[in-house]
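Peer 1: okay, here's the prediction I keep looking at, along with the sequence it came from:
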Amino acid sequence: MNFIKIKYISCLILIFCFSIAQTMAQRPNETVTVSGKVVDQKNNPIAGVTIFVQERKSSNSTGADGSFSFETSSNDLIIFQKEGFLTLSKSPVELTKATIALTPALIDAGDGDDVQIPFGVRKKRAVSATISTVNVNELPQLPLSTLNNALTGRLSGLYIQQTGTRPGTDDASFLIRGRSSYNNGQSPLILVDGVERDFVDMDLAEIESISVLKDAASLAWYGMSGSNGVLYVRTKRGSATATRVTFDAQGGLQTPVDITRPLDSYSFATLYNEAQANSGIAPSYSPSVLDAYRNNSDPLLYPNNNLVDQFLKDASPVQRYVGTVSGGNAFAKYFTMFSFFDQAGLYQGGSNPSYNANTNFRRINFRTNLDIHVNKTLDVTLDVAGRSASIRYPRDGNGGFLSTIFGTPSNAFPIMNADGTYGGSSLFRSNPRAMLESRGNITDLTRTLFANVSAKQKLDFITEGLSLNAFYSYDVNSLYASGFTQNYEVYEFNSSNNSYTRFGNKAILDYAASDFNGNVRRNEFWGGLDYDRVFGDHSINASSRVMRGVMAMPGSLLERREQIANRVSYGFKQRYFLDAIGTYAASETFMPGRRAGFFPAVSAGWIASEEGFLKNVSFLDYLKVRASYGLVGNDAISTSRRFIFNTYYNRGGNGYLFGTGYAAASNTTEAELANPNLTWETTRKTDVGVDVKLFKQSLSLSADYFHENRTDLLTNALIPTIIGQSGGQVNGGEAEYKGFEAALNYTKRFGEFEMNLYGNFTHVKSNIIQLNQEAGLPSYQLETGFPISGVVNGSAFNRRFLEAIGLFGSQAEIDAAPVQRFSGTVKPGDIRYRDINGDGVIDNFDFVQKDFTNVPTSYYGFGTSLKYKGFDLAVLFQGTQGRTIQIASLVNSGSTNTGFINQFSVDRWTPETAETAKYPRLALADRGNNTQVSDFWLRSGDFLRLKHAELGYSLNNNFVKRMKVQSIRFYVSGFNLLTFDKLGDLPIDPEIPEAGYINSYPYLRSYSLGLNVKF
């Protein structure tokens, strides 16, 4: 019922939006006379100001005394433009003998220099906080399922780590200026038009710009949510200066970057025999069987499958279509977008007429943003957006299917037996073809609706520049799962008696029961006052907001958040700027009475190039110095349970017996100890930066030094084990990070040739200052003084490692070395470890804390965009340094059934390859020594990647005009095209080593063709 209601609500809101737009756009259109005078900030008349009427149907200009007078329609919008001044727009009702004051367009204070700040927009010149912004037209126009790929390498301070690759789950983790907490809550706050929302599933066409807020001056506004930085997405809005219609069509192919290459049956069987011999087990494969595999003499009895080639395509199609319309008049402006995205999967080799089990992702996005000028004092906005996304995959899951084709030996069974049944065996009962055509599928349908409404009421009758503002958002998200289910049997052929043994039970095709997971609802309210006033050389801007947010999830208690945020900004002569922010925020994560805190910040900016001692430096156009300091909080502290300040009890389990009848009574035990004193993480952020423009503003540089100290980190309480209870968690940790970042941009024009070069670089180093650790640890195992992160190993981080010193080459070496106690017997070809404490034994006391980390110490991006006549070329490179990955999970993948044999096994140790072997000897059992967490399995994760390249051509104006369109552009683009790394011939991707291996979907390279038409 709730699921159906969402559709009706969405339709009603959309109809309401368009009705308002149509009503406002069709207000009575009367002929009126507009007149007035245009002056500068000192009230001097400005001659030659061009005055455009909406959509530039006609134009006028001011006279020598700055005056103007002409007739126009009451619904038109009047635009005033003059070189050296900011563009200004007014409605006719505001232009009756009016005095229009134009503001000089100083450097970083022009029409295109708006910077998004919390619930406001400021000129970049006046912003003393550290904010990096990229406009959507600077991002690659690619058919990508998620937007994280479009941002990679484009903004200083922002690190994006790809974590998923499957259609519809092309996810990534975001870090702003590295990692400063060893708790899980490290992701930045992501805001879309000021509201916490996921943005990666948005379409690029609905976005205007994306900003990264990094320092205390930009983050203190968000109280307990700002410590990890903010990613602020600003959506597009309509403009009354022109009506624009655009259409984009893109289609392309996606291919795996790296993928496992399974061993043929002969190689597998030979290596399996070797692993058995090394484990003291008689070989399973006789010479005659090995010859049969090598000669492929009987594919049914001695199969030689290549499951990767049989069940994965070389490429899969992807397509995207987008249409937008924007426009309006003096009373209403609108932006509308509709997009469709479709990404097919790589699976092949099985089909069912009733359903498709190949993975697929399909999404529809829509958005309508309305700006309504109700009257001279009241402005209203109404935004409605949403998406419907479906992800289809095999019923056994993508991981289940991929682990079958990546992990099943080539000789395990024939895909189909001679009698047409599915092949299988007692050890390998998953048949990949049957998984695609006789097991069923699942389709997850997600529907999301977003709505914002805001109002701004000017209160100039109280004092000029004062306004009352209110903002309300409502989001609802639902997940609906459906699909088909059935089951299959596999049969193993017995050559001794020409019979088959069945495994599994067949089940007929059936429609799986629908599963509605309920609605997730989030609403948020912001309300308060703004004040914006200029007094001669002085400018004052102030904002105050109260906020309350509530999120409701099925099966959970409501989550609430409240805060009061205040900001005051002062500017003098457009040269000196000072900002002060103070937020009082509360979170119900903590004990009543301890839920609220105050988070202040200050920042200052100085346009030093306006001073006399720099005014005459010919090559220096602009120099701005910035600094900020403040406190920010983080309540996402990864507690072991919600409301950890309360004591919880467990019921049941072994109880007590009473009476002569021995009646049992269940017991009650205290769970993890409560901590009523728990509090949020407190972050002290310091930032000092400069913005420079040189050589007639062709070269620009922004650079920052930053330092962060984070206290009250959550850590385990240290209590004696004699208590018999888990000690719970306390605020006993401390960490810091520091570093620098820089962004460079160079733009130059040579006749018809335009060139833009850009780059950014971030270096950051983290350090654990305080952390509760078990007593008695040797100094070399303490985590203090080391980076916060570790090396990813499955779902865990490894920070301590054994130090490997090669492989044992002989029994004599083993006898002379310290005793290694991780397996029963150490043999030649096993990993040799260093005796750290010199006690003659290699054990847990020989693990050493290392500074290896999966988070790079440096990351960067650089590229260029070139234009010549109708041609354009864009190239982007992206890279990391100081990152470590582990390959143990790849090289040691498998099971006893597969002998832990895989494509890496060809480089194992043998007496003959002792000098060149890359990995330890093969073994089926007693493998503990070689699977320890050690630096033997670590590799450099540094890389430089050609992330994106695009070549386009725009048709000439004469041809375009004959077609009655503004422009037509054709382009070809590529993504993840080329990678340079330090892995040698190791066939894995340094960013996602597991992609294309074990049970992970391959990392994809994309090629696409595109068409863009603007009307």
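Peer 2: That came through, no problem.

Peer 1: contacts, neighbours, all on C-alpha from now
Peer 2: OK.

Peer 1: quick one: the strands in the stretch 551-700 of the chain, in order.
Peer 2: For the stretch 551-700 of the chain, strands defined by DSSP state E, counting those that start in this stretch occupy the ranges 559-572, 576-587, 596-607, 620-634, 649-651, 656-658, 663-665, 668-670, 681-694, 699-716.

Peer 1: what do you get for the stretch 301-450 of the chain?
Peer 2: Using DSSP E, counting those that start in this stretch, strands in the stretch 301-450 of the chain cover 316-328, 332-344, 360-373, 378-394, 422-423, 440-458.

Peer 1: buried sites along the first one?
Peer 2: To tie it back to what came earlier, the one meant is strand 316-328. By neighbour count on 16 or more other CA atoms under 10 Å, the buried set for strand 316-328 is 316-328.

Peer 1: hey, which helix or strand in this structure has the poorest pLDDT?
Peer 2: helix 2-25 (a mean of 48; mean pLDDT, DSSP states H and E).

Peer 1: so what secondary structure elements neighbour the helix or strand just after it?
Peer 2: Sequence-wise, the next helix or strand downstream of helix 2-25 (DSSP states H and E) is strand 31-39. Under the contact criterion of 3 or more CA pairs under 8 Å, 6 or more residues apart in numbering; DSSP states H and E, strand 31-39 touches strand 67-73, strand 98-101.

Peer 1: need the contact partners of strand 31-39.
Peer 2: For strand 31-39, contacts defined as CA atoms under 8 Å, 6 or more residues apart in numbering pick out 45-47, 49, 62, 65-74, 92, 95-102.

Peer 1: may I have that strand as PDB, with CA atoms only?
Peer 2: The C-alpha trace of strand 31-39 is given here as PDB (Å, rounded to 0.1, in the frame of the first residue of the first chain):
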ATOM      1  CA  THR A  31       2.700  46.700 -21.900                       C
ATOM      2  CA  VAL A  32       4.500  48.800 -19.400                       C
ATOM      3  CA  THR A  33       7.000  51.600 -19.500                       C
ATOM      4  CA  VAL A  34      10.200  51.100 -17.500                       C
ATOM      5  CA  SER A  35      12.500  54.000 -16.700                       C
ATOM      6  CA  GLY A  36      15.300  54.900 -14.400                       C
ATOM      7  CA  LYS A  37      18.900  55.700 -14.000                       C
ATOM      8  CA  VAL A  38      22.000  53.400 -13.700                       C
ATOM      9  CA  VAL A  39      24.700  54.400 -11.300                       C
END
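
Peer 1: hang on, the earlier thing: looking at the strands of the stretch 551-700 of the chain, which is nearest to residue 280?
Peer 2: Residue 280 lies closest, by CA to CA, to one member of the strands of the stretch 551-700 of the chain: strand 699-716, at 45.1 Å.

Peer 1: quick one: strands adjacent to whichever helix or strand comes after that closest one?
Peer 2: With elements assigned by DSSP H and E, the helix or strand that comes after strand 699-716 is strand 729-750. Paired strands of strand 729-750, with direction, are strand 699-716 (antiparallel), strand 753-770 (antiparallel) (DSSP bridges).

Peer 1: so strand 729-750 versus strand 681-694, what angle?
Peer 2: On the basis of axes from the mean of the first three to the mean of the last three CA atoms, to 10 degrees, strand 729-750 is oriented at 10 degrees to strand 681-694.

Peer 1: can you show me the helices along this protein?
Peer 2: 2-25, 148-151, 216-219, 265-278, 287-295, 307-311, 397-407, 432-437, 612-615, 811-816, 888-891, 957-962 (DSSP state H).

Peer 1: from the ones you listed, which stretch is densest packed?
Peer 2: helix 216-219 (a mean of 31; mean count of other CA atoms under 10 Å).

Peer 1: and that helix, what other elements does it pack with?
Peer 2: strand 576-587, strand 596-607, strand 620-634, strand 681-694.

Peer 1: then the longest one to PDB, C-alphas only?
Peer 2: Included here for strand 620-634 are C-alpha records, laid out as PDB according to Å, rounded to 0.1, in the frame of the first residue of the first chain:
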ATOM      1  CA  LEU A 620      50.600  39.800 -10.000                       C
ATOM      2  CA  ASP A 621      46.900  40.400 -10.600                       C
ATOM      3  CA  TYR A 622      45.600  38.900  -7.400                       C
ATOM      4  CA  LEU A 623      46.900  37.600  -4.100                       C
ATOM      5  CA  LYS A 624      44.600  36.500  -1.300                       C
ATOM      6  CA  VAL A 625      45.700  35.200   2.100                       C
ATOM      7  CA  ARG A 626      43.300  33.000   4.100                       C
ATOM      8  CA  ALA A 627      43.300  31.500   7.600                       C
ATOM      9  CA  SER A 628      40.800  29.700   9.700                       C
ATOM     10  CA  TYR A 629      40.500  27.800  13.000                       C
ATOM     11  CA  GLY A 630      37.700  26.200  14.800                       C
ATOM     12  CA  LEU A 631      36.000  23.200  16.400                       C
ATOM     13  CA  VAL A 632      33.800  20.600  14.600                       C
ATOM     14  CA  GLY A 633      32.100  17.500  15.900                       C
ATOM     15  CA  ASN A 634      31.400  13.900  14.800                       C
END
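
Peer 1: tell me what angle it forms with strand 681-694.
Peer 2: Using the same axes, to 10 degrees: strand 620-634 against strand 681-694 is 170 degrees.

Peer 1: what is strand 620-634 packed up against?
Peer 2: Under the contact definition 3+ CA pairs under 8 Å, 6+ apart, strand 620-634 sits against helix 216-219, strand 596-607, strand 681-694.

Peer 1: got the contact list for the shortest one?
Peer 2: Counting contacts by CA under 8 Å, 6+ apart, the residues outside helix 216-219 that touch it are 117-118, 128-131, 213, 226-227, 229-230, 579-581, 601-603, 628-632, 684-686.

Peer 1: again, but for stretch 769-789
Peer 2: By CA under 8 Å, 6+ apart, stretch 769-789 touches 179-182, 715-718, 732-736, 765-768, 797, 799-800, 845, 847-855.

Peer 1: just the buried ones from those, in ChimeraX syntax?
Peer 2: In ChimeraX syntax, the buried subset of these is picked out as below (16+ other CA under 10 Å):
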select :179,180,181,182,715,716,717,733,734,735,736,765,766,767,768,799,800,845,847,848,849,850,851,852,853,854,855
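
Peer 1: bridged to the residue nearest in space to the middle of the chain, which residues?
Peer 2: Centroid-nearest residue in the chain, with CA atoms, centre = their mean: residue 172, separated by 4.1 Å. Bridge pairing for residue 172 (DSSP bridges) gives the partners residue 162.

Peer 1: contacts only, for it.
Peer 2: By CA under 8 Å, 6+ apart, the contact list for residue 172 reads 148, 160, 161, 162, 163, 164.

Peer 1: one more: residue 857?
Peer 2: 178, 763, 764, 765, 880, 881, 882, 883.

Peer 1: could you rerun that using 7 Å?
Peer 2: By CA atoms under 7 Å, 6 or more residues apart in numbering, the residues touching residue 857 are 763, 764, 765, 881, 882, 883.
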